[in-house]
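**Student:** Output the structure for:
(one chain, ligands or ions: 1)
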Amino acid sequence: MELQLALDRLSLEDAIDLARRTDYFTDYVEVGTSLIKEFGMRSVFEVKKACPDKLVMADMKIMDNAVYESKLAFEAGADLLTVMGAAPVETIEICLNEAEKRGRTVMIDLLNTDLERTAKIVHCPAIFCVHTSKDLQESGNGSFEFEGLSFLKEMGVRTAAAGGIGVKSIPSLQKSGVSIVIAGSSITKAADPSRAAAELKEACMKGMSSLEC
Ligand SMILES: O=C([C@H](O)CO)[C@H](O)[C@H](O)COP(=O)(O)O
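**Tutor:** The predicted structure is shown next:
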């Protein structure tokens, strides 16, 4: 499994510092929605500039106005962007088209997207991200069981998982066939972020070798 560091609720300087300190252990760096809202597309540009060899995802959470918003993300240097699974199909298709034109990738964020809707978009050439929202996590109602993962596994699509993920979540995500583990707070709020990223990456690798046995 690959590891994506999510950078949220940080200054741009701290975000870049964290991306650099954990660089060895991560496969992707996500410029979180909170950074994009607070600092604009400059946040994507500066993170990509600081980590030119890393795949950088702009967590745009696009719902509408997809030509304009995709262009903003890709022109700022994003290798991937997010569109919401609950967005109109036309919006998702525009994002896919804008990404294809540039050889980039779309991640579809399934936050609050039910199985019926997921089944309608599962054919899209994208990564599907099951996501437990920050608000659900904080209200204590967040589930790490990630409804929908078994369906996505059955459909053979590439999946990611996000929302309150730590080392303990890794074995079940591994069993569910998740390709990309997205971890924010468990790294950025750790006393030693580099060590936290190393432990997560190690858990991702361990899971893989035990599955291979
Ligand atoms: O997308 C995210 C969320 O909506 C905004 O905080 C986060 O990047 C994602 O949930 C990962 O962050 P953690 O939940 O802190 O691991």
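**Student:** which SS class is the spatially closest residue to residue 28 that is not a sequence neighbour?
**Tutor:** The shortest distance from residue 28 to any residue that is not its chain neighbour, by CB to CB, 6 or more residues apart in numbering, is 3.9 Å, and that residue is residue 4. C-betas here are computed from N, CA, C, even on glycine. Three-state secondary structure (criterion: DSSP: H, G, I helix; E, B strand; the rest coil) places residue 4 in strand.
**Student:** okay, now the residue in the chain that the ligand sits nearest to: neighbour count?
**Tutor:** Among the residues of the chain, residue 184 lies nearest to the ligand; the distance is 2.6 Å by CB to the nearest ligand atom. Look at residue 184: counted by other CB atoms under 10 Å, it has 23 neighbours.
**Student:** Ok, residue 88 next?
**Tutor:** For residue 88, the count of nearby residues is 12 (other CB under 10 Å).
**Student:** Show the contacting residues for it.
**Tutor:** The contact partners of residue 88, by CB atoms under 8 Å, 6 or more residues apart in numbering, come to residue 64.
**Student:** and with 10 Å instead?
**Tutor:** Listed by CB atoms under 10 Å, 6 or more residues apart in numbering, the contact partners of residue 88 are 63, 64, 66, 94.
**Student:** Please save the CA atoms from the helix or strand residue 14 falls within in PDB.
**Tutor:** Secondary structure from DSSP states H and E places residue 14 in helix 12-21. Output of helix 12-21 as PDB, limited to C-alpha atoms (Å, rounded to 0.1, in the frame of the first residue of the first chain):
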ATOM      1  CA  LEU A  12       2.300  27.000   4.500                       C
ATOM      2  CA  GLU A  13       5.800  27.000   6.100                       C
ATOM      3  CA  ASP A  14       4.900  24.200   8.500                       C
ATOM      4  CA  ALA A  15       3.200  22.200   5.800                       C
ATOM      5  CA  ILE A  16       6.200  22.400   3.500                       C
ATOM      6  CA  ASP A  17       8.500  21.500   6.500                       C
ATOM      7  CA  LEU A  18       6.400  18.400   7.300                       C
ATOM      8  CA  ALA A  19       6.300  17.300   3.600                       C
ATOM      9  CA  ARG A  20      10.100  17.500   3.500                       C
ATOM     10  CA  ARG A  21      10.700  15.800   6.900                       C
END
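**Student:** That helix packs against which elements?
**Tutor:** With contacts defined as 3 or more CB pairs under 10 Å, 6 or more residues apart in numbering; DSSP states H and E, the secondary structure elements packing on helix 12-21 are strand 2-7, strand 28-31, helix 33-39, helix 42-50, helix 185-188, helix 193-212.
**Student:** contact partners of it?
**Tutor:** Contacts with helix 12-21, where a contact means CB under 10 Å, 6+ apart, come from 5, 7-11, 26, 29-32, 34-35, 38-39, 42-43, 46-51, 54, 56, 187-188, 190, 192-195, 197.
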